[in-house]
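A.B. asks: I would like the atomic coordinates for the input below:
(chains A and B)
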Amino acid sequence: MGEQVYFEDVREGEEIPQLKKNCSTQQLVLWAAGSGDFYQIHYDKDFAQRTGLKGLIVHGALKNAFLGQLLHDWVGEQGQIRRFGCSYRGMDEPDQDILCRGIVTKKRSEDGRHYVELDVWTENPDGKKTSPGTAIVTLPSRA
Amino acid sequence: MPDTETKFEITDEMRAQYGVDSAPWTYEVTTTSVRMYARGIGSDDPIHYDVEFAKAQGFRSIVAPLGYIGTPVYLPGKNDPTFGFPRREGGPRLNIPFRGLLDGGTETEYFDYICAGDVLAETSHLADLKYRETGRPMLFVTNESVYTNVATGKVVVKQRLTSIHM
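C.D. replies: Below is the predicted model of the structure:
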C-alpha cells in the first residue's frame, strides 16, 4: 500500500494507480478454495469445453475482488470502500493479463464525510473492458 | 453444448417471489478463511494475514478482503456441493431448465468492516428476473442478500448477485 491519499488531492477525471493481474490455474484453485465456488469451468478444461466454452475462464467474482483490491490499495488505511460492483461482460482466461483500472468521476462532501465516485473496470490485453463497474469510497480530509 | 432449444417463461408465480426473504443462514469468518481468500486474490497486505498487525491498526482481527463475506456453514445435503451456497426453506424455486451458468455481476454495499471471528446471519431474496430470447436464450437471475453481524445485530453488507442461465 502506498502513501495515504486525501480527498483534496483527488481530481475528477484522474486515473488511480492500476493493478495488473495474471491468473495461473493455481490461483484459480486457490480462489475457489477461499470463496467456496468450485464450478468446474474454472479448473477442468474438458468440463469447460463441454459447456461450450473455449477453455478455462477466470471467475467473474474473482475479477470483482481484484477491483476491490485496486480500491483497497488506493484508499489507504484511512479510506473506506462504501460500495463497489461490476458486471461481467467479457471472459478472461488464465495466464493472460487482467488490468484493473479506475477513474474518478465525482467528488462530494456530505454529513462530514468526503465521498469519491469512480468508474472501475478490468481490461483484457486487447483493451476491452471485461468487467465494467462503479465504486463509492470515502477518503480522509487534510482539513 | 450451448442450450439453444430450451424455452423459458417468467410467470406471475415467479414474480410473486420477489422480495420474499429466505430463512437466515450462518456465515463464518475465520483467520484461516480470510487468509485463504487473500491468497486467492494474490494480496500481500498484512492486514489480511497478521492478527497483531491488524490489531495495531485498530481492527479486532485480520480484515476480510473486499469480496469476501464469510463462508456459509456447510451441512451435507443442505448446501450446493459445487457452489457451497445454502439451499433452504423460503428461497425462490424457479425450476430453471438451462444447464449453462455464468456470473453476471456483483454489487456490494459495505456498512462496516468484516473481520476474522465475525459470525454473520445472511438472508436473501429474489430481486429480479430478465429473460432474453434473441440469439441464445438467457435468463438473468438477481438475488439480494443482507448480512448481519450476529454479535452486534448490525447490518454489515448488502449484496446483489446476478447469475446468467443459458
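
A.B. asks: I'd assumed A:A32 was in a helix, is it?
C.D. replies: Yes: looking at A:A32 with DSSP: H, G, I helix; E, B strand; the rest coil, it is inside a helix.

A.B. asks: from A:A48, how far off is it?
C.D. replies: Plainly put, A:A32 is 13 Å away from A:A48 if you go by Cβ to Cβ, to the nearest Å. In this view, the C-beta of every residue, glycine as well, is placed from N, C-alpha and C.

A.B. asks: swap in B:V141?
C.D. replies: According to Cβ to Cβ, B:V141 stands 21 Å off from A:A48.

A.B. asks: who touches both of A:A32 and A:A48?
C.D. replies: Residues touching both A:A32 and A:A48 (Cβ atoms under 8 Å, 6 or more residues apart in numbering or on different chains) are A:H42.

A.B. asks: what residues does chain A have near chain B?
C.D. replies: Residues of chain A found near chain B (Cβ under 8 Å from any Cβ of the partner chain) are A:1, A:21, A:27, A:30-40, A:50-52, A:59-62, A:64-66, A:68-69, A:71-73, A:77, A:80-88, A:133.

A.B. asks: what are the buried residues along the longest strand seen in chain A?
C.D. replies: Identified as the longest strand of chain A according to DSSP state E is strand A:97-110. Along strand A:97-110, these residues count as buried under the neighbour rule (16 or more other Cβ atoms under 10 Å in any protein chain shown): A:I98, A:L99, A:C100, A:R101, A:G102, A:V104.

A.B. asks: let me see the contact set for the last one.
C.D. replies: What that stands for is A:V104. By Cβ under 8 Å, 6+ apart, the contact set of A:V104 is A:V10, A:R11, A:E12, A:G13, A:E14, A:E15, A:I16, A:V116, A:E117, A:L118.

A.B. asks: now the buried members of the residues you listed.
C.D. replies: Applying 16+ other Cβ under 10 Å to the contacts of A:V104 flags A:V10, A:I16, A:V116, A:E117, A:L118 as buried.

A.B. asks: wait, the third one touches A:T138, no?
C.D. replies: Yes: taking contacts as Cβ atoms under 8 Å, A:V116 lies within contact range of A:T138: 7.4 Å.

A.B. asks: and the strands in the chain?
C.D. replies: Because you didn't say which chain, this covers chain A. Using DSSP E, the strands of chain A run over A:19-22, A:80-87, A:97-110, A:113-123, A:133-138.

A.B. asks: can you look at chain B instead?
C.D. replies: Using DSSP E, the strands of chain B run over B:25-28, B:71-72, B:101-110, B:119-132, B:138-149, B:155-165.

A.B. asks: ok, back up a step: and the furthest pair within the buried ones among the contacts of A:V104?
C.D. replies: A:I16 and A:E117 (12.1 Å; Cβ to Cβ).

A.B. asks: mind checking if stretch B:41-50 is in reach of chain A?
C.D. replies: Yes: Stretch B:41-50 comes into contact with chain A (Cβ under 8 Å from any Cβ), by way of B:I41, B:G42, B:S43, B:D45.
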